[in-house]
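[1] Fold the following for me, if possible:
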Amino acid sequence: MGIELATAGGVARIFLDRPQKANALDSPLLRDLLSALESASKMPDLRALVLGGHGRAFCGGADVNELKSLTASTAGGFVERIHEVCAAIRSLPIPVVARLHGAVIGAGLEIAAACDLRIAAEGTKFAMPEVRLGIPSVVEAALLPRLIGSGRAAWLVLTGEAIDAQRAFEWGLVEELGGDESLERVVSGLLKADREALRMQKALLQLWEEAPLAASIQKSIQSFADAHRNRGQSPNSQSGSDPD
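    Numbers count the residues shown, from 1 in each chain. Reported below is the predicted structural model:
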């Protein structure tokens, strides 16, 4: 129990596997998840990664018992482990799709925000309740204003109230509502794209989040030229389907 990692057809699937605790994140689970992500990063044939959770929820947030045990000297290390997981997701060169259901709470929502695409089942609830526990939302909660705007991010982290999947979709927190059928359709679409172009595009998306517009455009021009240079060096496309 902890993390399940499976690969097939160019797709890695990582599942949080602590269902008796709603996949709440404690230090051992975070270390196992980071290890699974690092293993995936070393698999050269991967084209996409799906991140989900077994049981009734994607992730119920940080483990309550561990939160209660934190002190001023240990609290920073715990949230740093959450950040390391999120950073590993973002540094993977392949698209990461979050498969969300049940509850996506606190640190679980930060992990989902670090993914490239999010698909949520009907009935999923999203919340950032840390202020109700006497602590602020931190680390990859900083991605929320970029995803949904500053006002909606403020509503989540200041009120601590949950929103449902429909509102999350309307706000842009998730890209699609649906179950495994929707998930597999999205994954299938990713597999049809050119592998190197997807890697370039993910890197550009992250650059666009942070760099000034002029620098983003300049890097985009360079990437466009690099893509054509790579195509010239390797005439056989690496896309998942043959050209018509």
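[2] can you pull out the strands in this protein?
    Assigned by DSSP state E, the strands in the chain fall at 2-8, 11-17, 48-53, 96-100, 103-105, 117-120, 125-127, 163-164, 176-177.
[3] Can you name every helix or strand that the third one contacts?
    Judged by 3 or more C-beta pairs under 8 Å, 6 or more residues apart in numbering; DSSP states H and E, the packing partners of strand 48-53 are strand 11-17, strand 96-100, helix 180-192. (Glycine included, C-beta is placed from N, CA and C.)
[4] which of the ones you listed sits most buried?
    strand 96-100 (a mean of 26; mean count of other C-beta atoms under 10 Å).
[5] Spatially central residue for the chain, please.
    Nearest to the mean C-alpha position of the chain, by C-alpha atoms, centre = their mean, lies residue 115 at 1.8 Å.
[6] residues contacting it?
    Contact analysis of residue 115 by C-beta atoms under 8 Å, 6 or more residues apart in numbering lists 51, 89, 96, 97, 98.
[7] again, but for residue 130
    106, 136, 137, 138, 157, 160.
[8] before we move on, the earlier item: take the helices and strands packed on strand 48-53 and lay them out in CSV including mean pLDDT and distance to residue 59.
    Shown next, in CSV, are the helices and strands packed on strand 48-53 (pLDDT from 0 to 100; distance: least, C-beta to C-beta, whole Å):
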stretch, mean pLDDT, distance to residue 59
strand 11-17, 98, 6
strand 96-100, 98, 9
helix 180-192, 97, 17
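[9] Quick check: buried residues in the longest helix seen in the chain?
    In the chain, with assignment by DSSP state H, the single longest helix is helix 213-233. Buried residues in helix 213-233, counting neighbours by 16 or more other C-beta atoms under 10 Å, are found at residue 223.
[10] for that helix, packing partners?
    Helix 213-233 packs on helix 195-210, going by 3+ C-beta pairs under 8 Å, 6+ apart.
[11] one step back: quick one, which of the strands of the chain is nearest to residue 143?
    Ranking these by proximity to residue 143 (C-beta to C-beta) places strand 117-120 first, at 11.4 Å.
[12] Okay, now the sheet partners of the closest one, with direction.
    strand 96-100 (parallel), strand 176-177 (parallel) (DSSP bridges).
[13] the domain parsing of the chain - what is it?
    Per automatic domain parsing, the domain ranges recorded for the chain read 2-190, 194-233.
[14] which stretch in these is the model least sure about?
    Lowest mean pLDDT within these: domain 194-233, a mean of 89.
[15] Show me how far it is from its chain's centre.
    Offset of domain 194-233 from its chain centre (C-alpha atoms, centre = their mean, to the nearest Å): 20 Å.
[16] Output the longest helix of the chain as CSV, nothing but the C-alphas.
    Provided in CSV are the C-alpha atoms of helix 213-233 (Å, rounded to 0.1, in the frame of the first residue of the first chain):
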residue,chain,number,x,y,z
LEU,A,213,6.2,38.2,-23.1
ALA,A,214,9.1,39.2,-25.3
ALA,A,215,11.3,36.4,-23.8
SER,A,216,8.5,33.9,-24.3
ILE,A,217,8.1,34.9,-27.9
GLN,A,218,11.8,34.7,-28.6
LYS,A,219,12.1,31.3,-27.1
SER,A,220,9.0,30.2,-29.0
ILE,A,221,10.7,31.2,-32.3
GLN,A,222,13.9,29.3,-31.3
SER,A,223,11.8,26.2,-30.5
PHE,A,224,10.0,26.4,-33.8
ALA,A,225,13.4,26.5,-35.6
ASP,A,226,14.7,23.7,-33.4
ALA,A,227,11.7,21.5,-34.3
HIS,A,228,12.3,21.9,-38.0
ARG,A,229,16.0,21.2,-37.5
ASN,A,230,15.2,18.0,-35.6
ARG,A,231,12.7,17.0,-38.3
GLY,A,232,15.4,17.5,-40.9
GLN,A,233,17.8,15.3,-39.0
